[in-house]
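A.B. asks: Sequence and predicted structure, then a few things I'm wondering about:
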Amino acid sequence: MKRNILLRLFTPVTLAVVILGITSCDKNDNVALFSVSNDVELGQQVSAEIASDPSYNIIPESENPEAYAYINAMVDDILNSGELAYRDEFAWEVTLLKDDNTLNAFATPGGYIYVYTGLIKYLETPDALEGVLGHEIAHADLRHTSRNIQKQYGVSLLLNILLGKNASQLKQIAGQVAGTLSGLSFSRDFEEEADAKSVDYLGATDYACNGAAYFFEKLLEEGQAGSTPEFLSTHPSPDSRVEDINALATEAGCDTSLSGKSGYEAFQNSL
C-alpha cells in the first residue's frame, strides 16, 4: 500500500528525476532502467518456464552429447571473439529443440540460446548457422528484449522491480516471454544492429563473417522470402539484408570465404 501511495505522489517531473537517479547507461551505451541483474534473473525464469513446457520438445544434452559439443563449440567461437559486452555476466547456455519443421532460433535475456533442429537441417553450411547464432547472441548481448520490456510494461511496474518488489512481476513477464516469445520480436533498428554485430563476431572467427547472409540468400533462391521466420524478421526485407550484411563485411575487410569446417553434416544427421 505504501508503495502505491508513494508512486501516486510522484509528479511526472519528480518521477523522471527518480528514474534518472537509479538508471545509467549499460555497456552498450543504452539507457537501462531494466538492470543487468534483472536480465540475469529474468533469463533464469524464462529458461525454467521453457524447461517445464513439453511443447518445446527439448533434446536433453545427455541424449546427444556429441551434438551439444558441436554447437557449444560454435557458440564459444563467438563468445571468445572479444566483441561481447556481457561475455562474463550472462549464461550463454544452448538448448536444442526437436522440431524439423521449424526454421527458428531465439535468445532470451541473460544469454539462453534455443535452436530448432529444422533450422540446423535447413542451413547447408556451418557458416550460415554461425551467422544466425551471432545474430541471436547479439539480441541478448545488446539487451534488445530488456529494451522492449521497458517500452512494453511502463515505468510503474519497472520501478516496482527496481525497488525489490519483483518476484511476481518478473515471473509474469517470464511466463509471457516463454509462452508467446513476447518481447523477442524486434524493430527494424534492432534487427539491423543484430545483423551488424553478427558480422563483427564472425570476423574474429574462422567462419565467413557474412554467414548470416547465406540464410537469406537460400530463402530468396527457394522463393521462401515471404515466409521468413519471425526470429529474422521480414523488416528489412531478405534481399536488403543480404546486401547490407555483405556491405558491412566489405567495409570491415573480414573474410567472407566459407570455412569448410568438418563435422557439420554429421552434426546435422545426429539430430
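C.D. replies: The structure has been received and is ready for your questions.
A.B. asks: Go ahead and confirm Ala138 touches Tyr201.
C.D. replies: Yes: using Cβ atoms under 8 Å, Ala138 is in contact with Tyr201, at 7.2 Å. Backbone N, C-alpha and C define where each C-beta goes, glycine included.
A.B. asks: When these two are compared, which one has more neighbours?
C.D. replies: With neighbours defined as other Cβ atoms under 10 Å, Ala138 and Tyr201 compare such that Tyr201 has more, 29 against 26.
A.B. asks: For that one, pull up the helix or strand it's in.
C.D. replies: helix 188-203 (DSSP states H and E).
A.B. asks: which strands and helices sit next to the strand or helix carrying Gly179?
C.D. replies: Element membership for Gly179 (DSSP H and E) is helix 167-180. Packed against helix 167-180 by the contact rule (3 or more Cβ pairs under 8 Å, 6 or more residues apart in numbering; DSSP states H and E) you find helix 36-51, helix 144-162.
A.B. asks: export those helices to a markdown table and tack on distance to Gly253, mean neighbour count and mean pLDDT?
C.D. replies: Listed next are the helices and strands packed on helix 167-180 as a markdown table, based on distance: least, Cβ to Cβ, whole Å; neighbours: other Cβ atoms under 10 Å; pLDDT from 0 to 100:
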| stretch | distance to Gly253 | mean neighbour count | mean pLDDT |
| --- | --- | --- | --- |
| helix 36-51 | 32 | 20 | 91 |
| helix 144-162 | 27 | 19 | 72 |
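A.B. asks: Mind putting those into CSV with distance to Ala107?
C.D. replies: Listed next are the helices and strands packed on helix 167-180 as CSV, based on distance: least, Cβ to Cβ, whole Å:
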stretch, distance to Ala107
helix 36-51, 9
helix 144-162, 8
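A.B. asks: for those helices, which one sits closest to Gly111?
C.D. replies: Proximity to Gly111 (Cβ to Cβ) singles out helix 36-51 among the helices and strands packed on helix 167-180, at 6.5 Å.
A.B. asks: Can you tell me which helices and strands the closest one packs against?
C.D. replies: Looks like helix 36-51 contacts strand 105-108, strand 112-116, helix 144-162, helix 167-180 (3+ Cβ pairs under 8 Å, 6+ apart).
A.B. asks: partners of the first one, with directions?
C.D. replies: The strands that strand 105-108 pairs with in its sheet are strand 112-116 (antiparallel) (by DSSP bridges).
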